[in-house]
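**Student:** any chance you can model this:
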Amino acid sequence: MPTPIQGDGTPPPAAISAVGLRKSYGDKVVLDGIDLRIPAGTVFALLGPNGAGKTTAVKILSTLVTADAGDLHVGGHDLAADPQGVRAAIGVTGQFSAVDGLITGEENMLLMADLHHLPQSQGRQVAADLLERFDLTEAAKKPASTYSGGMKRRLDLAMTLVGSPRIIFLDEPTTGLDPRSRHNMWQIIRALVADGVTVFLTTQYLEEADELADRIAVLSDGKIAAEGTAEELKRLIPGGHVRLRFEDPQAYETAATALREVTRDDEALALQIPSGGTQRELRAILDWLDTENIEADELTVHTPDLDDVFFALTGPGSVPHQPKENAR
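**Tutor:** A predicted model of the protein is given here:
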């Protein structure tokens, strides 16, 4: 896979790297020699079906579980030789909240400050700042058990940030949240990355990876099936096309006769042209229509989305995905 290059021609430092990461439980191979390189200050998303090993990867890289094999470095620290150094550099927010519902939001924050051995005055200031940043000041004195799901997730992430980690693992952080709460969490994640934080994200929401991630890897049967930007992954899957629909039967017939490699829909007076959906391809089609003085009444573009990529790469038994067409 290509490595991003900085302006001076050197690759950016890797916040997280794994070479040959392996993990088995009994006879079941969960991670079968995967390689990852995540530049600092980026969002990396790991996708895969339930049971694919996403959470295991997070647990290993955050020192909660020991790998069977692999050369692993997080935050510049060798995972095997210096796990304490890794722990000091990272924060982890899981799909199951670490929030204690029996105490207030503020008390949760102060408890985390104590765990990081912050002086009392500094701990109170850090807690107050983070509660304000996450819009939890009004609820700070209320038991966390009274918080909504979105509020608990925000509090959980705020607690993770008490130690100012530069690398954060977010294991399905928006599972079960309503769309508004999910979008609020996305804004928080973008703000963290803008401050230079590296985010390792696992998610079951493909839209989430598309929205947030600089690079995405698809995990299937313990291996990385593909990795790249969202656009690079979408181009791996065939099926992109441009659809032209006509009101005038004569214009339809003229276009259908002149165009090659076209699929006809005589009932709808529509033609489907294979296309990657690039600007150059669209311009060529429009220029051709103008040159031939043919008027199409509707032009729509379909490019494979991450749903198509996911179902194509994670094997048989998947639920078929209905392609989406976006009007242009």
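
**Student:** so what's the closest residue in space to residue 54 that isn't next to it in sequence bridging to?
**Tutor:** Setting aside the residues directly before and after it, residue 54 is nearest to residue 202 in space (CB to CB, 6 or more residues apart in numbering), at 4.1 Å. Every residue, glycine included, has its C-beta placed from N, CA and C. Taking DSSP bridges as the rule, residue 202 bridges to residue 46, residue 171.

**Student:** for residue 202, list the residues it contacts.
**Tutor:** Contacts for residue 202 (CB atoms under 8 Å, 6 or more residues apart in numbering) come out as 45, 46, 47, 48, 54, 55, 57, 58, 170, 171, 172.

**Student:** just flag the most distant two among those.
**Tutor:** Greatest spacing in the contacts of residue 202, by CB to CB: 48 and 170 (15.1 Å).

**Student:** out of these two, which sits in the more crowded spot?
**Tutor:** For residue 48 versus residue 170, the count of surrounding residues by other CB atoms under 10 Å is larger for residue 170: 27 against 24.

**Student:** picking up where we left off before, against residue 18, how distant is the residue nearest to residue 54?
**Tutor:** For residue 202, the distance to residue 18 equals 14 Å [CB to CB, to the nearest Å].

**Student:** what of residue 171?
**Tutor:** Applying CB to CB, one obtains 16 Å for the distance of residue 171 from residue 18.

**Student:** the two - which one has more neighbours?
**Tutor:** Set residue 171 next to residue 18 and count neighbours by other CB under 10 Å: residue 18 wins out with 24 against 21.

**Student:** helix, strand, or coil at residue 30?
**Tutor:** Recorded secondary structure, residue 30: strand (DSSP: H, G, I helix; E, B strand; the rest coil).

**Student:** count of residues packed around it?
**Tutor:** For residue 30, the count of nearby residues is 21 (other CB under 10 Å).

**Student:** what do you get for residue 267?
**Tutor:** Using other CB under 10 Å, residue 267 has 6 other residues around it.

**Student:** tell me the contacts of the closest residue to residue 211 other than its chain neighbours?
**Tutor:** Among residues not flanking residue 211 along the chain, residue 186 sits closest, at 6.0 Å (CB to CB, 6+ apart). For residue 186, the contacting residues are 174, 208, 211, 212, by CB under 8 Å, 6+ apart.

**Student:** so residue 186 is in which element?
**Tutor:** helix 179-194 (DSSP states H and E).

**Student:** buried set for that helix?
**Tutor:** Using 16 or more other CB atoms under 10 Å as the test for burial, helix 179-194 gives 181, 182, 184, 185, 186, 188, 189, 192, 193.

**Student:** got a list of what the second one touches?
**Tutor:** Remark: with contacts taken as CB under 8 Å, 6+ apart, residue 182 is in contact with 174, 205, 208.

**Student:** mind doing that once more with 6 Å?
**Tutor:** Residue 182 makes contact with residue 174, according to CB atoms under 6 Å, 6 or more residues apart in numbering.

**Student:** now it: how far from residue 154?
**Tutor:** 12 Å.

**Student:** for residue 258, same thing?
**Tutor:** Distance of residue 258 to residue 154, given as CB to CB: 57 Å.

**Student:** more crowded one of those two?
**Tutor:** residue 154 (25 against 11).

**Student:** from memory that one sits against residue 132, does it?
**Tutor:** No: assessed by CB atoms under 6 Å, residue 154 is found out of contact with residue 132, at 11.7 Å.

**Student:** show me what contacts the closest residue to residue 105 other than its chain neighbours?
**Tutor:** Residue nearest to residue 105 in three dimensions, not counting chain neighbours: residue 140, with 4.9 Å by CB to CB, 6+ apart. Residues near residue 140 by CB under 6 Å, 6+ apart: 105, 106, 131.
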